[in-house]
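Undergrad: quick one, structure for this:
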Amino acid sequence: MLENNNKYFEVLNDIKKTLITTRNKIVVNANKDLILMYYNIGLKLIKNNKWGSSFIDTLAKDLKIEFPTLKGMSARNLRYMQKFATVFDNDEFLQHDVAKLPWSSVTTIMDKVKDKKQRNWYIKESIQNGWARPVILNQIASKLYERQALSENKTTNFDETLPSPNNEQAKELLKNPYIFDFITADRDLKELDIERELTNNITKLLLELGNWFCIRRKAISFRN
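TA: A predicted model of the protein is given here:
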């Protein structure tokens with residue numbers, strides 16, 4: 001019986017790790033593309049801000065007509081993109097650091113931290129420690145920068161108490177509605193269709209393991 005076969009569980013766990021790792025990489029790359037797209041849109045808004053504040057409102061309405069299911073192009077978010085392109089004018093820092101964070105984390109840091117040095121510090125710490133938005137808010141409110149970055153030779157227990165980079169931040173990326181809303185905006189796909197395709201691909205992968213490997217039909221779900 002497979003339930004008592006150590007080799008089976010070894011293969012099962014290996015495939016589970018592969019699925020999780022690959023899924024996270026796909027989402028991280030999608031997030032980076034999304035952040036850079038927002039930055040480029042922000043640059044376009046800055047370049048054409050001569051039309052006044054109503055320009056963004058009109059633009060949001062027209063984009064809604066063209067992409068009715070796309071949530072990331074609201075007037076509020078477009079204004080955030082404009083602010084984003086104004087605040088982060090260093091392309092190298094944007095590419096290597098800012099683009100690794102979820103959009104909600106980026107907008108939170110922009111809203112709460114005005115000083116550029118502090119802002120960049122919170123961004124790097126958020127990436128290194130895997131802070132999700134609620135953690136970032138708490139660290140800023142508790143003035144972590146003043147308590148740590150401005151104190152020389154300060155000892156902390158961050159390694160023991162803070163979540164790993166692949167923990168809460170990865171979960172936040174996976175639940176980011178802007179990413180998946182943007183990816184599927186022009187496709188008539190439903191969650192059930194996506195799950196069915198994933199299930200079919202996994203079945204094909206398991207079959208490649210050989211005739212000795214018996215697949216028992218079970219319901220497979222990737223819902224969080």
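Undergrad: next one: phi and psi at Thr108?
TA: Main-chain dihedrals, Thr108, degrees, to the nearest 10: phi -60, psi -50.
Undergrad: so it is in contact with Arg133, correct?
TA: Yes: Thr108 lies in contact with Arg133 (CB atoms under 8 Å); the separation is 5.5 Å. In short, each C-beta sits where N, CA and C put it, glycine included.
Undergrad: okay, now Ala60: neighbour count?
TA: 17 (other CB atoms under 10 Å).
Undergrad: do you know the pLDDT at the residue nearest to it when sequence neighbours are not counted?
TA: Nearest residue to Ala60 in three dimensions, chain neighbours excluded: Ala75, at 3.9 Å (CB to CB, 6 or more residues apart in numbering). Looking at Ala75, its pLDDT reads 95.
Undergrad: next one: Ala99
TA: Note for Ala99: predicted pLDDT of 90.
Undergrad: right, and it touches Ile35 too?
TA: Yes: counting by CB under 8 Å, Ile35 is a contact partner of Ala99 at 4.3 Å.
Undergrad: who has more neighbours, these two?
TA: Ile35 (24 against 19).
Undergrad: residues in contact with the more buried one?
TA: 94, 98-99, 101, 103, 106 (CB atoms under 8 Å, 6 or more residues apart in numbering).
Undergrad: now go through those residues and say which are in helices.
TA: 94, 103, 106 (DSSP state H).
Undergrad: so Lys64: helix, strand or coil?
TA: Classification of Lys64 using DSSP: H, G, I helix; E, B strand; the rest coil returns helix.
Undergrad: who's in contact with it?
TA: 70, 73.
Undergrad: likewise Ser74?
TA: Applying CB under 8 Å, 6+ apart, the residues contacting Ser74 are Ala60.
Undergrad: if we go to 10 Å?
TA: Going by CB atoms under 10 Å, 6 or more residues apart in numbering, Ser74 touches 56, 60, 63-64, 80.
Undergrad: re earlier: isn't the residue nearest to Ala60 right up against Asp57?
TA: Yes: contact criterion CB atoms under 10 Å: Ala75 and Asp57 qualify, at 5.1 Å.
Undergrad: and the two? which has more neighbours close in?
TA: Ala75 (17 against 13).
Undergrad: what about that one, distance to Trp51?
TA: Remark: distance between Ala75 and Trp51 (CB to CB, to the nearest Å) = 14 Å.
Undergrad: for Asn40, same thing?
TA: Look at Asn40 and Trp51: by CB to CB, they are 19 Å apart.
Undergrad: max-length helix in this structure?
TA: Criterion DSSP H: the longest helix present in the chain is helix 6-47.
Undergrad: what is the mean pLDDT for that helix?
TA: On average, helix 6-47 scores 88.
Undergrad: before we move on, the earlier item: for the residue nearest to Ala60, what are its contacts?
TA: 53-54, 56-61, 63-64.
Undergrad: shared neighbours, Ala75 and Trp51?
TA: Common neighbours of Ala75 and Trp51, using CB under 10 Å, 6+ apart, are 58-59.
Undergrad: need the three-state assignment for Thr69.
TA: State at Thr69, reduced to three classes by three-state DSSP: coil.
Undergrad: residues near it, how many?
TA: Neighbours around Thr69, by other CB under 10 Å: 11.
Undergrad: kind regards, and thank you for your time.
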